[in-house]
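# 3D model of this:
(chains A, B and C, ligands or ions: 2)
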Amino acid sequence: MRALHIRLQHLFPLGELTEQRPDLGFVTVPAAYLRPTLLHLRDREGYTHLVLLTAVDWLEEDLFQLTYLLSNRSTGCDIGLRVKFPRQAAHMESIHDLWPTAATYQRELREMFGIDFPGSPRLHEEFILEGWNDIPPYRRDFDTLKYARANYNDRPGRETHDPEQHMKQQLYPDGA
Amino acid sequence: MALYTPDRSQYPAKKADGTLDIDLASGKYLKLWQGPNHPGITGNMSVELTVCGDEVVEGKTHVGYLHRGFEKLMERRSFIQCFPIVCRICVPEPDFNEYCYAAAVEDLSGIQSPERANWMRALILEMGRINSYLMYLGGQAGALGLGVIGQWTTYARDLMLDRFEEMTGARIYHMFILPGGVRDGLPDGFDQRMEETLREIESTMKDVHDVMFHNAVFKKRTVGQGVIDPAWLDQYGVTGPNARAAGVAKDVRRDQPYLVYRELEFEPVIGHDSDIYTRSDVRRRDLLMSVDLIRQILAKMPRSGPLIADMPSMLHWKIPRGETYVRGECSRGEYGYYLVTDGSGFPRRVNVRGPSYTHAMALLERMIVNINISDVAALMVSLHTYPPEIER
Amino acid sequence: MSVRDVLSPFTAWKNLFRDPVSIPDPLNRAAAPRYRGFHQNDVEKCIGCGTCETICQNGAIDMVPVEGIETKSGDSGLRPRIDYGRCCWCALCVDVCMTKSLTMSNAYTWVENDPDLFCFTPGVDKKHWDNAELGYHCPTDRRITGQVRAHMRELEPETRIDSFVEIVQGYSVEEAILEADRCVACGLPCATAITSAAWNCSTPATRFPASAAASAPTSARTPALPATKATRSPSAG
Ligand code: SF4
Ligand code: SF4
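Ligands and ions are numbered 1, 2, ... in the order given. Next comes the predicted model:
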């Protein structure tokens, strides 16, 4: 993993390697170098299997992170490429021509995170959510609980008591 | 062996962007929805077919019928609270969710599950694999009208559910693999009852072999049908039996052994023709291999020792910032959890990588073109997809 | 195509001469001894701490006052009421129960015309499985909350005998955090004036936030601030 990282660093301006396990590392790649890095890994280093492509919302840092996880079956190693970009400029180059299956991931990311991948096939077709009328739901600022309260009903007759408050009330009714 | 010769003159032309130019008003094409409640659909998924005569010219997979937003729900639950909900991401084989989630949490928090727990985990995962394959065989045969196979395999699966029940306390959602270890050891007399169950499954599989795999009709409709080109494996992220039937021995248990698979003797089952028949056969042989693995596990597993690691109080358990990916070989291929933590008591992001995600979407949409409507059910079942892991 | 492929399917007919494999009396099939069935609660043992409510990720548990159970020191007088419309029988509430009063029977059939009856207080609303012996009980050697008290060092008797030094040595910062980690923040002792004046149990680890943060990345046993009640039932979504 380290050797690979050193080889890659000669070619691309990569960030530090986070070695999670001996066979799994994560590295940050500038958005502009994503495609050449992916191509290099796929064609020269044997990382031919795109395991997954997903996003992480770092709301506090105002960043989106895309994780491209690639696997090399012959060495049994995985490398995750992290690409970070501001939440306002939520778009990324599409890689559906490198791995056709990436189009599905990108479609889901557009729907769930609102990240745009210009040129990706059928990107704007609804994937899971039909008739969704709120902000993309997997963004951190989407509040599931609030949405559920506004759109669904709780079963009537449910109420709970906080043990501490209840005890205070029972034992010291006049707030001693 | 293709059963018909399509008349290519009727094919829709391709537009500049690669999509098909389908003019429904011309009367040459017809939209047909297969699912979400068509018996040939494994679970709640549907395929929107555009057909020309009897032949499919385009197919689009539609999911979302059971989206519950698990990945989002987990962001609001503490690490222990996520444990009971992950199993719902795959109904027939829920244990991989529990295992991958637990392993990811352990990886990030630096906890080692005890040796005995690892054996228990391997045991339960192999039991789940058998269940999943049994369900698949019934579905595959059913998609071609062989209803009786489903009844036999359901019986065999029911016996395995009994073993699950006595071991884990539940039949379907076992909720047994806690982060850190497992809930309990084996009940008394389990080995013997397991052996009886395995024998019964083997005898059922013998019948299945005679009636389903040595069956002129089944062969006629599956041999040479639905071929996955080995070149597609990387393009479409094909894993598991779908890849092994294409001659590539992709098996996480062998490639990146987890749990106790290093200590077990097995050889990944492979096939070469990559058609529906071969995929069914690979799964049948894989099932028998799991039977053998269970025997090995029961013979080798330690019977005493801790079942769960020394854990922090799970009520306020925080995990330092980090990210990891953990995978296992489930009955359909590579199952994995990508977990990101941010130092709080809740996961920052969980992403479930189910094998069906690629199989049922991009791969199926590619393979479904040019086949006969009556073969659609057999084809999609042969990819062995479970919709909940697509939409989570 | 071989002759075998044509004839072999007919072997299915042999099942005509086989006994049925279905369960003859499905209504009275007993579940496995560790089956996670309907809940039982020993209301005498339960102290109404509400930890089961805190951990339930489905928001199925409410703490409700129960007639005949007085609020007294060490007992809030509340008892858990479970909404079976939400419960998924994960048994986390059983695992976490401080007093081991909450358990599960192996009963799994319960028919009722009124759906509201499935919201019930185990142990208070009498049920046919209340005295069932079998069912899921948390194994004694497994805990999901720290339950072993960190040992507090004391001076050796030889030293004590001729000195006035404090015998009980107290906790180091790490030990104190570990000890505070066991707190389930039930609030019961805090509600009673004496303890609340002497020691507010819901905040000890906050006194050492710096050390908690410093030791976090290295230690598997990550010390943490006690859970607040704000984490309760985040689950309606
Ligand atoms: S955790 Fe146990 S003791 Fe506490 S309220 Fe629940 S049942 Fe009662
Ligand atoms: S079994 Fe699980 S879902 Fe049911 S009340 Fe207990 S914690 Fe909640």
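# now that we're looking at the residue nearest the centre of chain A, how far away is ligand 1 from it?
By CA atoms, centre = their mean, chain A has its centre lying nearest to A:Ala55, at 1.8 Å. According to CB to the nearest ligand atom, to the nearest Å, A:Ala55 and ligand 1 sit 38 Å apart. The C-beta positions use only the backbone N, C-alpha and C, and glycine is treated the same way.
# quick one, phi/psi of that residue?
With angles defined as degrees, to the nearest 10, A:Ala55 sits at phi -120, psi 150.
# how near is it to A:Tyr105?
9 Å (CB to CB, to the nearest Å).
# So which residues of the stretch 1-150 of chain B form strands?
For the stretch 1-150 of chain B, the strands defined by DSSP state E, counting those that start in this stretch occupy B:30-34, B:46-52, B:55-62.
# right, and these - which one's nearest B:Val227?
Nearest of the strands of the stretch 1-150 of chain B to B:Val227, taken as CB to CB: strand B:55-62 at 15.4 Å.
# now that closest one and strand B:46-52, what's the angle there?
Using axes from the mean of the first three to the mean of the last three CA atoms, to 10 degrees, the direction of strand B:55-62 lies 160 degrees away from that of strand B:46-52.
# Can you list the neighbours in contact with strand B:55-62?
B:4, B:6, B:11-12, B:20, B:22, B:29, B:35-36, B:45-51, B:360-361, B:364-365, B:368-373, B:376 (CB atoms under 8 Å, 6 or more residues apart in numbering or on different chains).
# Tell me which other helices or strands the longest helix anywhere in chain C touches.
Criterion DSSP state H: the longest helix present in chain C is helix C:173-181. Packing partners of helix C:173-181 (3 or more CB pairs under 8 Å, 6 or more residues apart in numbering or on different chains; DSSP states H and E): helix C:209-215.
# still on that earlier bit, return the members of the contacts of strand B:55-62 classed as buried.
Buried by 16 or more other CB atoms under 10 Å in any protein chain shown: B:6, B:12, B:22, B:29, B:35-36, B:45-47, B:49-51, B:360-361, B:364-365, B:368, B:371-372, B:376, out of the contacts of strand B:55-62.
# returning to what we had before: for the strands of the stretch 1-150 of chain B, give me TSV that also has mean pLDDT.
Shown next, in TSV, are these (pLDDT from 0 to 100):
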stretch	mean pLDDT
strand B:30-34	86
strand B:46-52	86
strand B:55-62	86
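# export those to CSV and tack on distance to C:Leu117?
Formatted as CSV, the strands of the stretch 1-150 of chain B follow (distance: least, CB to CB, whole Å):
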stretch, distance to C:Leu117
strand B:30-34, 41
strand B:46-52, 37
strand B:55-62, 39
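# Tell me which of those lies nearest to B:Asp107.
strand B:55-62 (32.3 Å).
# so of the buried ones among the contacts of strand B:55-62, which ones are in helices?
B:Leu364, B:Glu365, B:Val376.
# which residue sits closest to the last one, ignoring its sequence neighbours?
Taking CB to CB, 6 or more residues apart in numbering or on different chains as the measure, B:Val376 lies nearest to B:Gln34, with 5.9 Å between them; neighbours along the chain are not counted.
# what sits opposite the one you found in the beta ladder?
Beta bridges link B:Gln34 to B:Val47 when assigned by DSSP bridges.
# For B:Asn372, see how far away it is.
As judged by CB to CB, B:Gln34 and B:Asn372 stand 13 Å apart.
# How many residues are close by A:Cys77?
Look at A:Cys77: counted by other CB atoms under 10 Å in any protein chain shown, it has 20 neighbours.
# give the contact list for the closest residue to C:Cys52 other than its chain neighbours.
In this structure, C:Cys52 finds its nearest non-sequential neighbour in C:Cys93, 3.7 Å apart by CB to CB, 6+ apart. By CB under 8 Å, 6+ apart, the residues touching C:Cys93 are C:His39, C:Cys52, C:Glu53, C:Ile55, C:Cys56, C:Ile61, C:Pro80, C:Leu102.
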